[in-house]
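> coordinates only, sequence not included:
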Ligand code: SF4
């Protein structure tokens, strides 16, 4: 979502006649899009402030902060930034820049300056009603607002006409899309409609909330042509006590039943997840339950974060009683479990032919992802396949990467 926000900010700036530079040392204006969950992300901004102050001592530099900025962050950071604005007010940036561009444009209407020519993020909703206790989103982006379906379809259609190969539908709680719309549109209606668009492309969607994963969605997914059998299903913790304290609205049992239902209905589905270790009050026993659920589900990839208290959120009122060392230990334990699972699972893919979208290169290698989001490394050939789907034979595997040849 931060990337998508940045694309919209870039577009407003470009319309105002400014040019983008990838080098911070050349910039006259720098903007930071702050993270919604981890305080460590906010802390990193302070490091940047120091760098910018050094630049400012030598030449003018305008600094702007947006993204998930809580009132408490704003108070502390006001003096370091020329402007702090709420991301939903991105169109008003033009007022700050004193140009004549209409500032009544709304967030969704701003046509983003896509960062890639073959991969694009398309927000379908913004804000969230869930109030997970560790998260700033409901306070910074407000309640959930779904974007009208025809607007989304038009944006996706245009991207496909321009030969975009990978589209990611974004929302803080993507699968509750439509709950606030008056016409009963659901997320399933939306993806069915997108799937009807002809072309060679694939569509992902992030992030799902387990409580909003409907049977209808699970049943429709394997019937669609452009939606890989891939679901990101944030778990956060395997302990009911911690889940309650996080205000997640599901239990370990319910999550497991849901994962089983998905596996049963969606052939060869890849399930990825988010896990937070070291949440306040997480005992060894609670952590054990997270390990247990990891083994049981066999995630294709977990994104594991060490809890860092974000002042201004409800969880920040709880004592952050797990030491840094213990969080690190738990993080390493989960990573080791995952490494073992992936080493085992990836070996089964050796010898298979998989469709891979090549998205980057480094020295003499290309990198891309399979439909179920596994990274594949390929030796470079003379023809340039970046941005193309290629058929790859998997010849070797490691825990975090597959190796193949075109
Ligand atoms: S679902 Fe929870 S973690 Fe995700 S944006 Fe909403 S409040 Fe934050």
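Structure received. Since the structure is predicted, the reported quantities are computational estimates derived from the model, not experimental observations. Numbering: from 1, shown residues only.
> and the lowest-mean-pLDDT helix or strand in the chain, how far from the chain's centre?
Sorted by mean pLDDT, DSSP states H and E, the helices and strands of the chain end with helix 93-96, the least confident at a mean of 74. In terms of Cα atoms, centre = their mean, to the nearest Å, the centre of helix 93-96 is found 27 Å from the chain centre.
> The residue of the stretch 251-400 of the chain found nearest the ligand - how many residues pack around it?
Using Cβ to the nearest ligand atom, the single residue of the stretch 251-400 of the chain nearest to the ligand is residue 274, 8.5 Å away. C-beta: built from backbone N, CA, C; applies to glycine. Per other Cβ atoms under 10 Å, the neighbour tally for residue 274 reads 15.
> In three-state terms, label it for me.
Taken by DSSP: H, G, I helix; E, B strand; the rest coil, the conformation at residue 274 corresponds to strand.
> so it bridges to which residues?
Taking DSSP bridges as the rule, residue 274 bridges to residue 303.
> Which segments of this protein make up each domain?
Under the assignment automatic domain parsing, the domains of the chain span 2-96, 116-228, 261-347, 353-405.
> Just put these in a markdown table and tack on distance to residue 244.
Shown next, in a markdown table, are these (distance: least, Cβ to Cβ, whole Å):
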| stretch | distance to residue 244 |
| --- | --- |
| domain 2-96 | 18 |
| domain 116-228 | 10 |
| domain 261-347 | 10 |
| domain 353-405 | 30 |
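> Specify the local secondary structure of residue 204.
Assigned with three-state DSSP, residue 204 falls in the strand class.
> In contact with residue 162, which residues?
residue 117 (Cβ atoms under 8 Å, 6 or more residues apart in numbering).
> picking up where we left off before, next up, the contacts around the residue of the stretch 251-400 of the chain closest to the ligand.
Contacts of residue 274 (Cβ under 8 Å, 6+ apart): 207, 232, 234, 235, 236, 302, 303, 304, 305.
> pLDDT score for it?
We have a pLDDT of 97 for residue 274.
> One more: the one 3 residues further on?
According to the predicted model, the pLDDT of residue 277 comes to 97.
> Thought residue 330 was touching it, still the case?
Yes: using Cβ atoms under 8 Å, residue 277 makes contact with residue 330 at a distance of 4.1 Å.
> Which residues are in contact with each of the two?
Common neighbours of residue 277 and residue 330 (Cβ under 8 Å, 6+ apart) are 287, 306.
> Settle it for me: which of the two has more neighbours?
Set residue 277 next to residue 330 and count neighbours by other Cβ under 10 Å: residue 277 wins out with 25 against 22.
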